[in-house]
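In: Sequence and computational prediction follow.
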Amino acid sequence: MAPSTTLKGDQFDCAQFEALVKRRFFFSESFEIYRTAPNFQGDNRGLYDYGPPGCALQTNIVDVWRKHFVLEENMLEVDCTVITPETVLKTSGHVDKFADWMCKDLAKGEYLRADHLVENVLQSRLASGAKGTTKKDPKLDEATIKLYNEILAQIDNYDGPELGQLIKEHDIRNPDGNGEVQPPIPFNLMFRSTVGPSAAAPVYLRPETAQGQFLNFRKLLEFNQGAMPFASASIGKSYRNEISPRSGLLRVREFLMAEIEYYVDPDAKEHERFHEVTSLELPLLAKQTQLDGKTTLRKMSIEDAVKSKTIDNETLGYFLGRIMLFLLKVGVDPSKLRFRQHLDNEMAHYACDCWDAELFTSHGWIECVGCADRSAYDLTVHSNFTGYPLTVRELLQTGPIRVEVWQALLDKKLVGPRFKRDAKVVQDSVEALAQPVLEKLAADLEINGIITLDTIKPLADGRSAVELSKDLLTIKKVAHLQTTRQYTPNVIEPSFGIGRILYSVLEHTYWHRPQDAARAVLSLPLAVAPTKVLIVPLSAQPQFVPITRRLSSRLRALGISNNIDSSSASIGKRYARNDELGTPLGITVDFDTVVNGSITLRDRDSTAQLRGSEDDVLKAVKSLVGGNESWEEIAQYLKPFSTLEQDES
Ligand SMILES: Nc1ncnc2c1ncn2[C@@H]1O[C@H](COP(=O)(O)OP(=O)(O)OP(=O)(O)O)[C@@H](O)[C@H]1O
């Protein structure tokens with residue numbers, strides 16, 4: 001796709017940008033040197049390694065994320081396993097439904113993601129057909145342009161058969177070779193394996209961190225002393241066997257996710273900190289706008305969006321606001337951010353509203369954060385399958401009320417002698433049964449006279465189920481005065497793809513100096529820049545060595561990452577190299593330093609320089625890194641300096 005991002009008034013140059021990322025080793029393809037090795041059978045598409053600046057940038061983005069969400073909101077962080085039993089993902093719906101529609105080009109033996117195929121072909125027809133210079137690309141008429149734009153505006157709304165219809169109707173072919181493609185079929189995106197030498201137990205690599213959080217809900221609620229609402233959070237790798245990963249870090253098969261699950265009473269989706277975000281203006285692309293075939297953004301305050309029900313509820317609105325603040329903090333360009341509402345077909349069947357934070361890059365608009373109201377779906381299905389209540393019990397505000405509930409009673413005189421050491425486990429397993437499970441078991445017991453109950457812990461002989469007959473167990477409806485209310489929380493889930501954010505930030509902060517297209521800069525914010533300070537001695541003179549070492553050690557003691565560049569390159573070249581790495585500050589040590597101890601501080605973006613004593617400059621650096629003072633403020637106590645500026649060219 002043609003690059004159309006503009007930065008600081010210049011045309012974004014995709015090739016130059018990619019060369020920088022590679023040259024400075026932010027990231028690169030995994031197993032790269034094997035690609036050309038003889039008989040290499042592997043497929044390394046969608047797999048990437050991060051180099052030193054990429055690692056540091058990722059760590060810093062995650063660090064800002066943790067402070068912005070986990071610490072700021074007292075979220076309960078968990079770290080769960082990647083390897084997940086099939087049963088868990090069958091229950092969550094992933095085994096049956098976590099699939100994309102795929103077309104095969106039989107002639108080429110290529111697999112293509114159906115929605116991406118339609119999107120790419122129509123977009124390139126629009127791009128070349130607007131000019132209509134060749135026979136192959138005749139000028140498109142107004143009606144076709146309108147139709148293509150309408151299809152593109154709701155491309156995520158089509159299911160497989162509908163995509164198949166579009167492919168047929170518009171004669172869409174594989175752009176690589178122009179071959180016809182087969183009708184779309186679903187392809188499950190999860191990587192499957194087995195555990196243990198017997199290979200009997202099927203497992204998957206998790207496609208999201210969410211399920212591990214849901215399964216620990218009960219323990220998290222207890223940890224939180226039963227108080228609602230609350231959030232859990234998790235940062236970890238997820239795996240998706242993408243059909244055709246082609247857009248670098250944006251579509252990979254292994255990626256770092258940071259996910260929040262906010263558990264809230266379904267009848268009270270207000271948020272106590274909503275007032276903090278009400279006046280924030282979000283660039284919204286609502287469902288109706290897309291259905292009208294348009295992509296016009298509407299700026300709306302969060303307060304108005306929630307009031308008008310454009311955004312379903314306060315909690316969802318609150319998180320969209322917090323997501324925007326986070327993205328801006330790590331360096332996203334606000335003019336390249338939008339929140340797009342999911343269309344009905346695109347949204348999971350259980351979700352009631354869903355918005356994606358999308359960032360504009362040279363690959364078009366890319367979803368970087370999904371924010372969905374998943375209702376009570378996940379906790380309910382896991383609870384129903386396991387019989388383990390994933391619910392909340394709260395005192396009724398209205399006082400006691402009379403209700404009918406299912407009650408299970410074990411005959412204590414019989415249970416002890418029959419189950420001996422296992423009697424307590426059996427008793428606890430019966431008590432853990434949720435109401436819908438009890439209702440079903442009551443019917444089974446009535447019909448069969450016996451039921452099989454999965455126990456919450458293994459029994460002494462290793463089994464994990466017992467049979468209970470009518471003489472032992474009675475399940476009946478009883479009336480009682482209810483003083484508490486039990487409900488399954490709804491879950492609001494902001495889900496971040498760290499790699500997509502990192503890549504977009506690199507694109508958004510990339511530009512080059514107007515006087516020289518070869519001098520590229522990454523204006524990464526101080527908070528996420530891989531290295532905060534570059535220390536450069538004017539030359540390789542030995543007298544500078546103890547000074548640069550001391551400066552480095554003092555900065556380390558302040559917790560500020562730094563790097564000494566005492567290579568023989570000119571000072572301008574050394575600064576240029578570090579501008580490409582996004583290093584925001586530079587300290588220069590020169591002959592005056594040896595005489596009077598003064599050093600120079602350079603600002604990456606403006607190349608402005610200030611001079612002062614070592615103590616004053618380090619104080620200024622600490623202030624800048626901590627976000628306590630701006631460049632203009634430190635200029636009040638440091639002196640302007642310009643001599644070195646000429647050396648930079
Ligand atoms: N293949 C991938 N590579 C990198 N990041 C991804 C990938 N798939 C998902 N993500 C990230 O995880 C986040 C949450 O995942 P979600 O399931 O909502 O994505 P998705 O809707 O499947 O994405 P897409 O439609 O682009 O495939 C996304 O917003 C994105 O940042």
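Out: Here it is on my side, so go on.

In: contacting residues around the most centrally placed residue in the chain?
Out: Geometric centre of the chain, nearest residue: residue 496, 1.4 Å, by Cα atoms, centre = their mean. Counting by Cβ atoms under 8 Å, 6 or more residues apart in numbering, residue 496 touches 65, 257, 258, 259, 323, 368, 369. (Each C-beta comes from the backbone N, C-alpha and C, glycine too.)

In: Just to be sure, which of those are found in helices?
Out: In this view, the contacts of residue 496 that belong to helices under DSSP state H are 65, 323.

In: near the ligand, which of the contacts of residue 496 show up?
Out: 257, 368, 369 (Cβ under 6 Å from any ligand atom).

In: Hmm, residue 196 and residue 83 touching each other?
Out: No. Contact criterion Cβ atoms under 8 Å: residue 83 and residue 196 do not qualify, at 11.1 Å.

In: Backbone dihedrals for the closest residue to the ligand within the stretch 351-500 of the chain, both of them.
Out: Closest to the ligand within the stretch 351-500 of the chain is residue 497: 2.0 Å, counting by Cβ to the nearest ligand atom. In terms of degrees, to the nearest 10, the main-chain angles of residue 497 are phi -100, psi 110.

In: Among the contacts of residue 496, which one has the most neighbours?
Out: In terms of neighbours by other Cβ atoms under 10 Å, the contacts of residue 496 top out with residue 368 at 26 neighbours.

In: For that one, which non-adjacent residue is spatially closest?
Out: Distances taken as Cβ to Cβ, 6 or more residues apart in numbering place residue 500 nearest to residue 368, at 4.4 Å, with adjacent residues excluded.

In: What's the mean pLDDT across the helix or strand where the one you found lies?
Out: Assigned by DSSP states H and E, residue 500 belongs to helix 498-509. Averaged across helix 498-509, pLDDT comes to 98.

In: Heading C-terminal from that helix, find the next helix or strand.
Out: strand 510-512.

In: and that next one, what does it pack onto?
Out: In terms of contacts (3 or more Cβ pairs under 8 Å, 6 or more residues apart in numbering; DSSP states H and E), strand 510-512 is packed against helix 14-23, strand 520-522.

In: What strands line up against it, and which way round?
Out: Strands adjacent to strand 510-512 in the sheet, as given by DSSP bridges, are strand 520-522 (antiparallel).

In: Would you confirm that residue 561 contacts residue 527?
Out: No. At 11.9 Å, residue 561 and residue 527 do not qualify as touching, with contact defined as Cβ under 8 Å.

In: With neighbour numbers in mind, choose between these two.
Out: Each of residue 561 and residue 527 has its neighbours counted (other Cβ under 10 Å); residue 527 has more, 19 against 15.

In: now the stretch 301-450 of the chain, which segments are flagged as low pLDDT?
Out: Within the stretch 301-450 of the chain, no range satisfies pLDDT under 70.

In: Spell out which residues of it are next to the ligand.
Out: Contact residues, the stretch 301-450 of the chain versus the ligand (Cβ under 6 Å from any ligand atom): 367, 368, 369, 370.

In: wait, the first one sits on residue 360?
Out: To tie it back to what came earlier, the one meant is residue 367. No. If you go by Cβ under 8 Å, residue 367 and residue 360 don't touch, sitting 11.5 Å apart.

In: Residue 255: which element?
Out: Counting by DSSP H and E, the element that carries residue 255 is strand 254-264.

In: Which parts of the stretch 401-550 of the chain are strands?
Out: Assigned strands in the stretch 401-550 of the chain, in chain order: 401-410, 450-454, 465-469, 473-482, 484-487, 490-497, 510-512, 520-522, 533-537 (criterion: DSSP state E, counting those that start in this stretch).
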